[in-house]
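Student: next come a sequence and a model predicted from it.
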Amino acid sequence: MKPTPDLCDEYPHRIKVLDPILQNFGGRKQFSGPIVTVSCYKDNSRVKDLLGKAGEGRVLVVDGAGSRRCAYLGDRLAQQASDSGWSGIVRYGCIRDIDEIAAIDIGIKALGAHPIKTEKKGVGETDIAITFGGVTFNSGDYLYADNNGVLIATEALI
């Protein structure tokens, strides 16, 4: 994958750039792939369901309304995602087990860390448009991420 600054230079009218609100946590610092969206608030049941399926190089974008009250992802789910072939996870909320996650081969971006886990009520919607950080994410769009930022395109750039 080309670095995101190069993609910005090469495709300035074909990309959207996420506001710089997320931190890197995973062991993979550069990741990309088709997006799958899930919206859930203080419940990671849908996240767990999706990460248990074949990732096929996709990126899971999780909207938790920017909540910093609990973690939607920990080391076990991050490992499951890596083992299932997901390229990365972008979390508009917090994660936990960040020291362990740093050693897992998956890209992860999130707002921060929090030690408390979510509830499990089976709540959430998948494959819907979600908006945060100044961009709208749709399942099927493409995401490119590295230490410089996160880009979204409606079609594959590379």
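Tutor: Here it is on my side, so go on.

Student: C-alpha only now, for contacts and for neighbours.
Tutor: Noted.

Student: pLDDT score for the residue most central in space within the chain?
Tutor: For the chain, residue 90 is the residue whose C-alpha lies nearest the centre (Cα atoms, centre = their mean; 1.5 Å). The confidence metric pLDDT takes the value 97 at residue 90.

Student: tell me which element it falls in.
Tutor: Using DSSP states H and E, residue 90 falls within strand 88-95.

Student: other SSEs contacting that strand?
Tutor: strand 59-63, strand 107-113 (3 or more Cα pairs under 8 Å, 6 or more residues apart in numbering; DSSP states H and E).

Student: one step back: wait, what's in contact with the residue nearest to the centre of the chain?
Tutor: 59-62, 108-110 (Cα atoms under 8 Å, 6 or more residues apart in numbering).

Student: check residue 8 too.
Tutor: For residue 8, the contact set (Cα under 8 Å, 6+ apart) comprises residue 15.

Student: assumed it was part of a strand.
Tutor: No. Counting by DSSP: H, G, I helix; E, B strand; the rest coil, residue 8 falls outside a strand, being helix.

Student: in this structure residue 120 contacts residue 44, no?
Tutor: Yes. The criterion here is Cα atoms under 8 Å, and residue 120 meets it with residue 44 at 6.4 Å.

Student: what about those two, which has more around it?
Tutor: For residue 120 versus residue 44, neighbours defined as other Cα atoms under 10 Å are more numerous around residue 44 (24 against 12).

Student: pretty sure that one is touching residue 118, no?
Tutor: Yes. Residue 44 is within contact range of residue 118, at 6.2 Å (criterion: Cα under 8 Å).

Student: between the two, what contacts are shared?
Tutor: Common neighbours of residue 44 and residue 118 (Cα under 8 Å, 6+ apart) are residue 72.

Student: number of nearby residues for residue 147?
Tutor: Residues near residue 147, counting by other Cα under 10 Å: 13.

Student: okay then, goodbye and thanks.
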